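> Sequence plus the predicted model coming up.
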Amino acid sequence: MLTVETLYAVDPEAAKGFDTKGLRKNFHVGGQFAKGEIRLTYTHYDRMIVGGAVPAGGELVLDRVAECGTSSFLNRREVGILNIGETGTIQAGNDSWTLENGDMLYLPMGSGAVTFAGHGRFYIASAPAHHAYPAALIRPEDANQVHLGSPETANHRTICQCIHPDGVESCQLVMGYTQLHNGSVWNTMPTHVHDRRMEAYLYYNVAKEQRVFHFMGHPQETRHLVMANEDIVLSPPWSIHSGVGTGSYTFCWAMAGDNMQFTDMDMVAMEDIR
Ligand SMILES: O=C(O)C(=O)C[C@H](O)C(=O)CO
Ligand SMILES: [Zn+2]
């Protein structure tokens, strides 16, 4: 079963006026991981699609998605797929990959129908593409690691870059995940914006009774959203994206837009945040 919802883009002036319900309706994407289903959200931020596929021991096929206006999902798109569940397989054309927890698969434009099987919980992030780069399976040890923060500022973390210009190439999708070190709870703080790219965060490995307070908004008009396990949040290009957990967590970030330079960020000075 395939369900697709559409989210239109919001400008910073409109976002200023949202109450909690309005913020959640426009930026929070929940419930994407349902047994035996593929659930997608088609966003109008750089036409990024996010969602989940949970085959739960059966098979799920991702092929035609009416919102894309093509006969098959990947006709003019590329996709990154992260397994946050148990072992699962993904098949596209004559190729098949086994993904353990923490493995990511890049599938290029033109891959055809994608079949999910096994016991994986597959997080999907897809952006428009114009070229077919090679498909690639990225295991945790293949990711480029960047170490940031410190225990003193509770933001000690390792950024694992999986799909990026110096690793597995893509047209515009840049994707990886960030692991907080023991006792550290802040991600992406000091924070930044990048008006050239949108970003989506999937929070996972969040214990049932814990939450992540995710901060968004124009740097001088910040708001927060309370995120539970497997919740996704969209960050418009004009928005900060940072979070603090009441417990440990991991998050997967995916970006699309005008350039692919991970370090191309406009840092927000602490004294300027409101
Ligand atoms: O913890 C972090 O810092 C991040 O993971 C940063 C994000 O990946 C990001 O915002 C990249 O632009
Ligand atoms: Zn960012």
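Structure's in. What do you need? What you see is a predicted model; the values in this text were computed from it and never measured. Ligands and ions are numbered 1, 2, ... in the order given.
> Which elements pack onto the helix or strand hosting A254?
Secondary-structure assignment from DSSP states H and E places A254 in strand 250-257. In terms of contacts (3 or more Cβ pairs under 8 Å, 6 or more residues apart in numbering; DSSP states H and E), strand 250-257 is packed against strand 122-128, strand 174-180, strand 197-204. Just so you know, the C-beta spots here come from the backbone N, C-alpha and C atoms, and that holds for glycine as well.
> How about the residues of the stretch 51-200 of the chain by ligand 1?
148, 157, 159, 178, 187-188, 194, 199 (Cβ under 6 Å from any ligand atom).
> now, the most widely separated pair of those?
R157 and H194 (18.5 Å; Cβ to Cβ).
> in its sheet, what does the strand holding A254 sit against?
The strands beside strand 250-257 in its sheet (DSSP bridges) come out as strand 174-180 (antiparallel), strand 197-204 (antiparallel).
> Can I get those strands in CSV including mean neighbour count and mean pLDDT?
Formatted as CSV, those follow (neighbours: other Cβ atoms under 10 Å; pLDDT from 0 to 100):
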stretch, mean neighbour count, mean pLDDT
strand 174-180, 23, 98
strand 197-204, 24, 98
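> Quick one, which of those strands gets closest to A117.
strand 197-204 (20.6 Å).
> Other residues contacting the longest helix seen in the chain?
Counting residues, the longest helix in the chain under DSSP state H turns out to be helix 20-27. With Cβ atoms under 8 Å, 6 or more residues apart in numbering as the test, helix 20-27 has contacts from 7, 10, 15, 18, 216, 223, 225, 233-236.
> pretty sure Q210 contacts G245?
Yes. At 6.5 Å, Q210 counts as touching G245 under the criterion of Cβ atoms under 8 Å.
> Of those two, which one has the most company?
Neighbours around Q210 and G245, counted as other Cβ atoms under 10 Å, are more numerous at G245. The numbers are 24 against 16.
> in the sheet, who's paired with the more buried one?
V212.
> got a list of what it touches?
180, 185, 206, 210-213.
> distance of it from ligand 1?
Applying Cβ to the nearest ligand atom, to the nearest Å, the value for G245 to ligand 1 is 12 Å.
> Offset the numbering so it begins at 50, please.
Sure, I'll start counting at 50 from here, so that last one is G294.
> follow-up on the earlier one: out of the strands paired with strand 299-306, nearest to G85?
Using Cβ to Cβ, the nearest of those to G85 is strand 246-253, at 19.6 Å.
> Now do the closest one against strand 171-177, angle only.
170 degrees (axes from the mean of the first three to the mean of the last three Cα atoms, to 10 degrees).
> Report the distance from strand 246-253 to the chain centre.
Offset of strand 246-253 from its chain centre (Cα atoms, centre = their mean, to the nearest Å): 4 Å.
> quick one: contacts of it?
Contacts of strand 246-253 (Cβ under 8 Å, 6+ apart): 92, 94-95, 97, 99, 131, 133, 172, 174, 223, 261, 263, 276-286, 290, 292, 298-308.
> Make a ChimeraX selection of the buried ones in those residues.
In ChimeraX, the members of the contacts of strand 246-253 classed as buried (16 or more other Cβ atoms under 10 Å) are selected with the following command:
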select :92,94,95,97,99,131,133,172,174,223,261,263,276,278,279,280,281,282,283,284,285,286,290,292,298,299,300,301,302,303,304,305,306
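> For E86, list the residues it contacts.
So E86 contacts 50-52, 102-103, 109 (Cβ under 8 Å, 6+ apart).
> Buried ones among the residues you listed?
Applying 16+ other Cβ under 10 Å to the contacts of E86 flags 51, 102-103, 109 as buried.
> Perfect, I'm done here.
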